[in-house]
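Engineer: give me a model of this one.
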Amino acid sequence: MKAPPERYEPYLDGLFTYCLSVLCEHDAATAVLGEVLALAERRADRCPDGEGLRRSWLYALVRWTCLRKLAELNAGGGEHPGASGPSDLSG
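Structural biologist: Reported below is the predicted structural model:
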């Protein structure tokens, strides 16, 4: 496995934690983070130079990719990776 570019290093823990909190499954979070890093590299020309802007851009990519993954799971009739019961908790 190729190491991510150094410019993304400061954000990896937070990005992974975000993916894990949304997807609730380690392997899915790891896969999404890999997708995001690959996408960020392909779109490096759009990556902001400033640290704060770069962080925001990466989190936007992670959010979009996580939501897309959840939509794929829902469209395929699959259950949220970390779900353990009915989704309606209203009682």
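Engineer: which strand or helix spans the residue positioned nearest the centre of the chain?
Structural biologist: Central residue of the chain (C-alpha atoms, centre = their mean): Val62, 3.5 Å from the mean position. According to DSSP states H and E, Val62 maps onto helix 51-75.
Engineer: what about the protein, any weak spots by pLDDT?
Structural biologist: Applying pLDDT under 70 to the chain flags the ranges 1-2, 77-91.
Engineer: let me see the ranges of the helices in it.
Structural biologist: 12-23, 26-42, 51-75 (DSSP state H).
Engineer: how close does Glu35 get to Thr65?
Structural biologist: Going from Glu35 to Thr65 by C-beta to C-beta, to the nearest Å gives 6 Å. Using the backbone N, CA and C atoms, a C-beta is placed for each residue, glycine as well.
Engineer: neighbour-wise, which of those two wins?
Structural biologist: Between Glu35 and Thr65, Thr65 has the larger neighbour count (other C-beta atoms under 10 Å), namely 20 against 17.
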